[in-house]
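J.: Could you work out the structure for the sequence below:
(2 chains)
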Amino acid sequence: MDMTKLPNPDTWLVPVIGDNTFYQGVKNDRLIAAQKNGGITGDTGKVSISFYGMIAYKVTTPQGLEILIDPFRNAPDLDLGGIWFLSQFPEIDVDIVVSTHAHGDHDGMMRVKAPMMLDRLAGTVEIGDAKITGFPDKHVCNPQNEIYDGIILEKAFGKHNYPPGENMEWDNSMILIETGGIRILHWGDNRQNPPQEMFDQIGDIDIFLSAVSDDGHITTPIWGEKIGKEQLHAKAVFPGHYNVEGINHPYASGIIDAPQFTRMHDHTFIRDRSISFTKEELDQYDFHVFYFGENVDWDVLKWPHKFPYNYPNADLDDWPGDAREWEQYKPEKGERY
Amino acid sequence: MGKRKKQPSSIDPMPRLVQVGDVAYCQNKNNTRIIAAHYYGGLREGSGEVSITYYGMSAFKITSPKGIELFFDPWKNPCDPSWGGIWYKMRMPMTHCDIGFVTHSHFDHNAYEMLDAGMLMRGLAGEYAFADVKVTGLADKHIVETQSPVYTRDVLDALYPFPNIDKEDVDNTIYLVETGGLRIVHWGDNRQNPPQDIWDRLTDIDIVILPVSDDGRMLTPEWADRIASKMNAKVIIPAHYFIDGINIEGAGWGKTAEEYVKAHENTVLDKPEISISGADIKEYKNRVFYFGNNVAFDPVGIDLSESGKISDIPEVKPVWEQYGK
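T.: Numbering: from 1, shown residues only, chains lettered A, B, ... in the order given. Okay, the predicted model is just below:
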């Protein structure tokens, strides 16, 4: 049965809740290769990082395993802050999709064609040349920025947002990827003060995929420095969870971008869609901010929100009826009577 | 009137699907159990036993000795009618677990939105370690040719005629769970002949959960025997068979696994949960443990053929009469 030919009107919409990879034709052949051969490509010696907007970062291991963390979507429930994104997350192919927590700007796994999903990971997964560890903790409940204190955040979402008694939305797993001798930590929206023993377990890291933006929607620049410099001793820092024109709705969450934080430290404004490091290259840096700005690794204009169903789309010449009916009165001689 | 031109080639092939995606934000529970297991390596002192609970179809909850609850393959009705209509009389109830696993993206295996889970894993490949549990995901492919006398390729083509899917190349992941000294395999709907590097990981298995039924909808009894003996399994637990009160007749399965059970040394269980330690089963060789109709919730009790005999509908209290006259 061809689903496009069902005797139902186009307006009969079918909600696909949860896993939708059946409809995406996802294949696990690259994973099978990684499981069998320890990698997908030859060893490049470099870890590559690219940015997909909000706090979605893709990490490509030296042997070609692609890991995407925190793709975004507009949450299906408009009560969760309404429309946040003007673009849909691109339907890209990756090998592993990871989500840190169950908020719409982090759990758009259904947009990504991935044979393997790790949602709110705790524990350790070893596949190919990557080791992925989840550190379960809690979400920010008081960002301590100029706009949001804990009370406003709680009122805006209408939910109790810190332990005890918070729901799954206000939990977060930090994701540590170890590959090619490089340790990469994706912060998600974690609170600023995880227990000291968790920092001890995480240890020193090379690349800090942070949630720092100038307005400090999740992590303020001050907290970003405290966490990244004093606790994690990060060599390279990537801002995240900031506004990108064309992706984020300007008024949805009131976020701005992160150039001021970038300029406060040693920094590089990245002009390309991705950047690669070897371990030796990273060792030269100390809390060096790499800022992608608006350079996301996809064409923003190609992924507009689609309408829930296809409106008719005929050429104007093909419109039914007689569009120039008055021409029956056309004078036989000349242009005008 | 001009001639109607062709539709643009970029038209969405499935315009009616609304991709809702994941709904974990609806969960009321939080990750406190996960954090506790992260710091303490478990949730209680080790009980020395692994418990296995059946939830119908291929859905099992495996609880480790230190209390970590793993759930495999929750099921649901297909969300669109082109999957051969309605498969189940009921929904699987919302169930708590710590880690939810999905072997493959068919609706009888992938309903992870029905899990109140601390974390979810779909298609996990590689080795996963958490608390007292180690899970190895082995990425492979789904059954294509059942070699069943009933579910031949023609029958399956008629039952599930999807234009958008290459049937030869549907994925599946086999999960090997190591906890409490036991090696437990959840087969999913994997093909009968995975390559040798996967067999090499599946040696000396204590318990294997196989989708075997008498009509061979997934694995025929013959194939189930071959697979179980190849991995030297001590215990076989059948799954993916017809259960009265859950499965709807004629939706792609007709039979239980009773004949298969009778043909083997067997233990027919009378409750949906069993606790096992390595010492309990070390003497067994390919012994079948059969849950039958015992699932961890109440299946639908309505017999549709009795539907004419329902009891009288109670009268409502005529509250409106107070406004009379």
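
J.: any idea how far the closest residue to A:Leu80 other than its chain neighbours is from B:Met94?
T.: Of all residues not flanking A:Leu80 in the chain, A:Gly104 sits nearest, at 5.9 Å (Cβ to Cβ, 6 or more residues apart in numbering or on different chains). Yep, even glycine has a C-beta here, placed from its N, CA and C like the rest. Counting by Cβ to Cβ, to the nearest Å, the gap from A:Gly104 to B:Met94 is 21 Å.

J.: So these two - more neighbours on which side?
T.: A:Gly104 (22 against 13; other Cβ atoms under 10 Å in any protein chain shown).

J.: On the pLDDT front, check the more buried one for me.
T.: Per-residue confidence (pLDDT) for A:Gly104: 91.

J.: residues contacting the residue lying closest to B:Ala251 once chain neighbours are set aside?
T.: In space, and not counting its chain neighbours, B:Ala251 is closest to B:Trp87: 4.5 Å by Cβ to Cβ, 6+ apart. The neighbours of B:Trp87, taking Cβ atoms under 8 Å, 6 or more residues apart in numbering or on different chains as the test, are B:77-78, B:107-108, B:247-248, B:251-252.

J.: Scan those and report the most crowded one.
T.: Within the contacts of B:Trp87, most neighbours by other Cβ under 10 Å means B:Asp108, with 27 neighbours.

J.: just to confirm, which helix or strand has it in it?
T.: Using DSSP states H and E, B:Asp108 falls within no helix or strand.

J.: Next, the nearest residue to it once chain neighbours are set aside: secondary structure please.
T.: Using Cβ to Cβ, 6+ apart and skipping residues adjacent in sequence, the residue nearest B:Asp108 is B:Trp75, 4.6 Å away. Under DSSP: H, G, I helix; E, B strand; the rest coil, the three-state class of B:Trp75 is coil.

J.: now swap in B:Lys317 and tell me
T.: On the basis of three-state DSSP, B:Lys317 is classed as coil.

J.: List phi and psi for it.
T.: Phi and psi for B:Lys317, reported as degrees, to the nearest 10, are phi -70, psi 120.

J.: and if you look at the one 4 residues further on?
T.: When read as degrees, to the nearest 10, the backbone of B:Glu321 gives phi -70, psi -20.

J.: can you tell me which residues contact it?
T.: Under the criterion of Cβ under 8 Å, 6+ apart, B:Glu321 has no neighbours.

J.: how far is stretch B:203-212 from where the chain is centred?
T.: 15 Å (Cα atoms, centre = their mean, to the nearest Å).

J.: would B:Asn172 count as being in a strand?
T.: Yes: assessed by three-state DSSP, B:Asn172 belongs to a strand.

J.: That one reaches B:Asn110, doesn't it?
T.: No: judged on Cβ atoms under 8 Å, B:Asn172 makes no contact with B:Asn110 at a distance of 11.2 Å.

J.: Find the residues that touch each one of these two.
T.: Common neighbours of B:Asn172 and B:Asn110 (Cβ under 8 Å, 6+ apart) are B:His104.

J.: returning to that earlier point: how much space between the residue nearest to B:Ala251 and B:Asp280?
T.: Per Cβ to Cβ, B:Trp87 is found 35 Å from B:Asp280.

J.: Quick check: the residue nearest to A:Leu80 touching A:Leu78?
T.: No: the criterion here is Cβ under 8 Å, and A:Gly104 misses it with A:Leu78 at 10.2 Å.

J.: re the thing from before, need the contact list for the residue nearest to B:Asp108.
T.: Per Cβ under 8 Å, 6+ apart, neighbours of B:Trp75: B:56-59, B:88, B:92, B:107-109, B:111.

J.: so who does A:Trp170 touch?
T.: Going by Cβ under 8 Å, 6+ apart, A:Trp170 touches A:101, A:138-139, A:141, A:159-163, B:30.

J.: Please identify, among those residues, the one with the most neighbours.
T.: A:His101 (27 neighbours).

J.: quick one: contacts for the closest residue to that one other than its chain neighbours?
T.: Using Cβ to Cβ, 6+ apart and skipping the chain neighbours, the partner closest in space to A:His101 is A:Asn172 (4.4 Å). By Cβ under 8 Å, 6+ apart, the contact set of A:Asn172 is A:100-101, A:136-139, A:188-191.

J.: most neighbours, which of the residues you listed?
T.: Counting by other Cβ under 10 Å, top hit in the contacts of A:Asn172: A:Gly188 with 31 neighbours.

J.: That one and chain B, how far apart?
T.: Per Cβ to the nearest Cβ, to the nearest Å, A:Gly188 is found 12 Å from chain B.

J.: now swap in A:Asn295 and tell me
T.: A:Asn295 is 26 Å from chain B, by Cβ to the nearest Cβ.

J.: Near that residue, how many other residues are there?
T.: For A:Asn295, the tally of surrounding residues (other Cβ under 10 Å) stands at 16.

J.: how close does it sit to A:Tyr52?
T.: Counting by Cβ to Cβ, the gap from A:Asn295 to A:Tyr52 is 11 Å.

J.: Contact partners for A:Leu118?
T.: Contacts of A:Leu118 (Cβ under 8 Å, 6+ apart): A:96-99, A:125, A:132, A:134, B:119-121, B:124.

J.: Reformat those residues as CSV; add neighbour count, secondary structure and pLDDT.
T.: Listed next are the contacts of A:Leu118 as CSV, based on neighbours: other Cβ atoms under 10 Å in any protein chain shown; DSSP: H, G, I helix; E, B strand; the rest coil; pLDDT from 0 to 100:
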residue, neighbour count, secondary structure, pLDDT
A:Ile96, 29, strand, 98
A:Val97, 29, strand, 98
A:Val98, 29, strand, 98
A:Ser99, 27, strand, 97
A:Val125, 25, strand, 98
A:Ile132, 26, strand, 98
A:Gly134, 26, strand, 98
B:Met119, 26, strand, 96
B:Leu120, 27, strand, 97
B:Met121, 26, strand, 97
B:Leu124, 28, coil, 96
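
J.: can you give me the strands in the stretch 101-250 of chain A?
T.: Using DSSP state E, counting those that start in this stretch, the strands of the stretch 101-250 of chain A run over residues A:116-119, A:123-127, A:130-138, A:171-179, A:182-186, A:207-209, A:236-238.

J.: Mind putting those strands into CSV with distance to B:Ser47?
T.: Putting the strands of the stretch 101-250 of chain A into CSV (distance: least, Cβ to Cβ, whole Å) gives the following:
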stretch, distance to B:Ser47
strand A:116-119, 28
strand A:123-127, 20
strand A:130-138, 23
strand A:171-179, 27
strand A:182-186, 35
strand A:207-209, 40
strand A:236-238, 45
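
J.: out of these, nearest to B:Gly67?
T.: For the strands of the stretch 101-250 of chain A, proximity to B:Gly67 was assessed by Cβ to Cβ; strand A:123-127 is nearest, at 14.9 Å.

J.: low pLDDT regions in the chain?
T.: In the absence of a named chain, this looks at chain A. Applying pLDDT under 70 to chain A flags residues A:1-12, A:81, A:253-254, A:306-314, A:316.

J.: Chain B is the one I meant
T.: Using pLDDT under 70, chain B drops low at B:1-16, B:81-84, B:161-168, B:302-311, B:325.

J.: now the most centrally placed residue in it: how far from B:Phe291?
T.: Centroid-nearest residue in chain B, with Cα atoms, centre = their mean: B:Ser58, separated by 2.7 Å. Distance, B:Ser58 to B:Phe291, by Cβ to Cβ: 12 Å.

J.: Secondary structure element for the nearest residue to B:Glu178 once chain neighbours are set aside, which one?
T.: Among residues not flanking B:Glu178 along the chain, B:Lys134 sits closest, at 4.4 Å (Cβ to Cβ, 6+ apart). Per DSSP H and E: B:Lys134 is located in strand B:133-141.

J.: strands paired with that strand, and their directions?
T.: Partner strands for strand B:133-141, per DSSP bridges, with pairing direction: strand B:126-130 (antiparallel), strand B:171-179 (antiparallel).

J.: Using TSV, please lay out those strands together with mean neighbour count.
T.: Listed next are the strands paired with strand B:133-141 as TSV, based on neighbours: other Cβ atoms under 10 Å in any protein chain shown:
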stretch	mean neighbour count
strand B:126-130	21
strand B:171-179	23
